[in-house]
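Chemist: Structure here, sequence nowhere to be found:
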Ligand code: HEM
């Protein structure tokens, strides 16, 4: 190296401007100047882009929107506590936030609200502008077909008209409850009894999932998959159903182009989805065909399951529903009724393990109801329809659990046209709008400063009855024309199961276990609910 070059390097290391020190080293100086101006230019472009981006996508209602990444960095950081993160942001920004995911790859910009007046606008007064769009239907079409959850307009209206009358109190009392009581006596209680006698730790979430699946299959298809049995057997239909629902849910948290590539290549979760869907479809189609053949021979006309009832329907021209309608409707009913109720009971029983005073009140109420029984019915492990109606405290406690841990924490629609929500937030055509039942149950302005506490007493009207609360405040079952018409069935299930268990057993959470929800459309517990059962003294 020349002496001049050496002196140059020394100057650099001394921090002197080497263009002055080495006037002869022209090429070195020119390189530096051109790469310096390139860097400056680049910096300027990036700065202008960021300023423009922040101006165009400025987000007064939500976290900082990163160029390219949108809100993905915050999302990834908070994904393990998604619903609480959302609740914190919504409360901080007056109830509504804007979030943008994968901005450059598609329309994943969402308005997230928890304001009751917005929910009323979306689900009731302007529900025709907020629909289940093609984007929504693409996610679920293979599983739900054109069933009630996955349709709009006339097709939805007709299904609602056909299905809703099948959920009357008479039907629940005459058809659903006997099936439920028999399942409790022959399946769930014997498993729990064995667990209590051996003192083993059992996953209550798993037990409830299996019991929920068998019950809903009985109610909807008139089929008993026997998934809740000693040793928790592997049942292909039950396992396929679990796989189908969990992998289908993954799509909701994955950019469309990614799941569509996986779907085309049939790999990963999409590969598992397709395999499991085949098992589900085959089982349901086989059941439909077998039932139709039986009914045509006049066999089983008295059956009480929904499938048989649908098959017996006929329109003005005497036509009964075709196999595709039956397949889609029964799949939608399985989805509606299984995880929702099982998980609602799961969260409720966990809360009871954490609140001995609530447990004591429930047990007192159940004992008082049992005392009114005739002597020959004293030992019945399950409760009658009339008895379930008397369980006011249990009902209040279940409401309270659904307020804090609604089994559907969010719901969403897409805007047909540009719109403005009552709180002034603009929604663009085709944009997604989410409303959060999880946040609504935790808003001090709706429930008071003690809103995070589990207090069944808040549901009482002061005269021994339960308060009537607007679905825009207690939103777990949604509101408006697309509200949940399975609500009475859900309470029948939740009360029957909880009363049968709590009247006989106290439940204790396994020591050291921390309950945390999973990232899922239905609020599940990430690592189940390990508990022990302890028989109550008679
Ligand atoms: C604790 C249990 C339950 C909860 C928290 C719940 C909650 C909900 C919610 C939030 C919706 C609105 C969904 C949407 O906008 O797409 C809904 C709709 C619906 N639910 Fe439930 N549900 C429960 C149990 C049930 C049960 C047991 C059934 C019957 C088997 C049922 C049948 C339905 C149906 C058919 C709809 C669609 C209504 C429509 O789109 O017109 N639900 N439910």
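Modeler: Done, it's in. Please read these numbers as outputs of a predicted model, since none were measured by experiment. Numbers count the residues shown, from 1 in each chain.
Chemist: Residues of this structure that sit close to the ligand?
Modeler: 148-149, 160, 333, 336-337, 340-341, 344, 406-408, 411, 476-478, 482, 484-486, 489-490 (C-beta under 6 Å from any ligand atom). To be clear about C-beta, it is placed using only N, CA and C from the backbone, and glycine gets the same treatment.
Chemist: Could you turn the buried ones of the residues you listed into a ChimeraX selection?
Modeler: Typed into ChimeraX, the line below selects the buried ones among the residues of the chain next to the ligand, using 16 or more other C-beta atoms under 10 Å:
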select :148,149,333,336,337,340,341,344,406,407,408,411,476,477,478,482,484,485,486,489,490
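Chemist: What is the neighbour count of residue 265?
Modeler: Neighbours of residue 265 under the rule other C-beta atoms under 10 Å: 10.
Chemist: Residue 409 too?
Modeler: Neighbour number of residue 409 under other C-beta under 10 Å is 22.
Chemist: Need the residues that contact stretch 281-295.
Modeler: Identification of contacts with stretch 281-295 by C-beta atoms under 8 Å, 6 or more residues apart in numbering yields 221-223, 237, 240, 300-301, 307-308, 311-312, 323, 326-327, 330-331.
Chemist: and residue 203, bridged to which residues?
Modeler: residue 530 (DSSP bridges).
Chemist: so of the residues of the chain next to the ligand, which ones are in helices?
Modeler: 160, 333, 336, 337, 340, 341, 344, 489, 490 (DSSP state H).
Chemist: between those, which is nearest residue 373?
Modeler: residue 489 (24.6 Å; C-beta to C-beta).
Chemist: Is the closest one in contact with residue 176, as I believe?
Modeler: Yes: contact criterion C-beta atoms under 8 Å: residue 489 and residue 176 qualify, at 6.2 Å.
Chemist: All the strands of this structure, residue numbers only.
Modeler: Using DSSP state E, the strands found in the chain span residues 96-100, 109-113, 130-131, 202-203, 410-415, 419-420, 426-427, 432-436, 505-509, 530-535.
Chemist: Dump those strands to TSV, plus mean pLDDT and distance to residue 468.
Modeler: Compiled in TSV, those are given as follows (pLDDT from 0 to 100; distance: least, C-beta to C-beta, whole Å):
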stretch	mean pLDDT	distance to residue 468
strand 96-100	77	27
strand 109-113	82	24
strand 130-131	94	26
strand 202-203	97	36
strand 410-415	92	22
strand 419-420	96	30
strand 426-427	90	31
strand 432-436	92	21
strand 505-509	98	31
strand 530-535	98	34
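Chemist: Now do the contacts for residue 410.
Modeler: Here residue 410 is in contact with 83, 434, 435, 436, 437, 438, 521 (C-beta under 8 Å, 6+ apart).
Chemist: quick revisit: so what's in contact with residue 489 and residue 176 at the same time?
Modeler: residue 219.
Chemist: quick one: which two of the contacts of residue 410 are the most distant?
Modeler: Top of the distance list for the contacts of residue 410 (C-beta to C-beta): 435 and 521, 14.1 Å.
Chemist: quick one on the thing from earlier: what's the closest of the contacts of stretch 281-295 to residue 426?
Modeler: residue 331 (36.4 Å).
Chemist: I'd like to know how many residues surround the closest one.
Modeler: Residue 331: 24 neighbours (other C-beta under 10 Å).
Chemist: Report the separation between it and residue 209.
Modeler: Distance, residue 331 to residue 209, by C-beta to C-beta, to the nearest Å: 18 Å.
Chemist: What of residue 437?
Modeler: If you go by C-beta to C-beta, the gap between residue 437 and residue 209 works out to 21 Å.
Chemist: follow-up on the earlier one: with neighbour numbers in mind, choose between residue 435 and residue 521.
Modeler: A count of neighbours by other C-beta under 10 Å puts residue 435 above the other of residue 435 and residue 521, at 28 against 19.
Chemist: Okay, and the beta partners of the more buried one?
Modeler: Applying DSSP bridges to residue 435, the residues it is bridged with are residue 113, residue 411.
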